[in-house]
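> Pasting the sequence and the predicted model now:
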Amino acid sequence: MSEGNGTARREKIVTMLRESRRAITGSELAERFGVSRQAIVNDMAIIRAGGAEISGGTLGYRWDGAAPPEGVFAVLACEHDREGATKELEVLVAHGCTVLDVVVDHPLYGELRAPLNIGTHRDVERYAESVRRAGAEPLSSLTAGVHRHSVRAPDEVALESARRDLALLGCLRDEADPAGP
């Protein structure tokens, strides 16, 4: 593909990411533009080098730049086993929340953070499938299931409702001590 086509493709990728309400995987972008996944990885490096704020994670790429997101932000301290992760995420997205990241306080390495950007039931399915396919343990497995999530909710009512349901599930920890057992 010529440089001109690469430039046009990168402009279209930026537009797609800006307009999308969900993360878009490299494979989806590769298929959409008829190029290899590696070409998309290279495009992302070029786009980011140009100053675009794009985050990437297991669920794909997401635009992080420009207009500040709307809603109410909170940090939720949680604890559950591996099976509880999907239930926890489903509760949050059912209340319109987007789970921005997961954070653990590791005894040796300190704070470890990974972007999630999970905002829909489909995102939860994709996350669960990624974990299953990779045969990997979630980050919270390093701290016996104790972790925090930064979340964005549409409003205070949705956030409080999500908190109540997480408490009923037994996932919500005392926020005064989010890191310790």
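The structure has been received and is ready for your questions. Predicted, not measured: the structure shown is a model, and the values here were computed from it. Numbering: from 1, shown residues only.

> Mind listing what's buried along stretch 43-52?
Using 16 or more other CB atoms under 10 Å as the test for burial, stretch 43-52 gives 43, 44, 47, 52. Where you see a C-beta, it was placed from the backbone N, CA and C, and this is true even at glycine.

> what residues are up against the second one?
Think residue 44. Applying CB atoms under 8 Å, 6 or more residues apart in numbering to residue 44 gives the contacts 13, 26, 54, 56, 61.

> Looking at those, which one is closest to residue 119?
Proximity of these to residue 119, judged by CB to CB, is greatest for residue 61, which lies at 14.3 Å.

> ok now the strand or helix carrying the closest one, how far from the chain's centre?
In this structure, residue 61 sits in strand 60-63 according to DSSP states H and E. Here the centre of mass of C-alpha atoms in strand 60-63, compared against the chain's by CA atoms, centre = their mean, to the nearest Å, lies 9 Å away.

> Does anything pack onto that strand? Which helices or strands?
Counting contacts by 3 or more CB pairs under 8 Å, 6 or more residues apart in numbering; DSSP states H and E, strand 60-63 is packed against helix 3-19, helix 26-33, strand 54-57.

> Worst mean pLDDT among those?
When the helices and strands packed on strand 60-63 are compared by mean pLDDT, helix 3-19 comes last with a mean of 81.

> Against which helices or strands is it packed?
With contacts defined as 3+ CB pairs under 8 Å, 6+ apart, helix 3-19 has these neighbours: helix 26-33, helix 37-49, strand 60-63.

> Next, name the residue at the spatial heart of this structure.
For the chain, the residue nearest the mean C-alpha position is residue 116 (1.6 Å; CA atoms, centre = their mean).

> Hmm, residue 97 and it touching each other?
No - using CB atoms under 8 Å as the test, residue 116 is too far from residue 97 to be in contact (11.4 Å).

> Surely residue 82 and residue 137 touch.
Yes - in this structure, residue 82 sits in contact with residue 137. The criterion is CB under 8 Å, and the distance is 7.1 Å.
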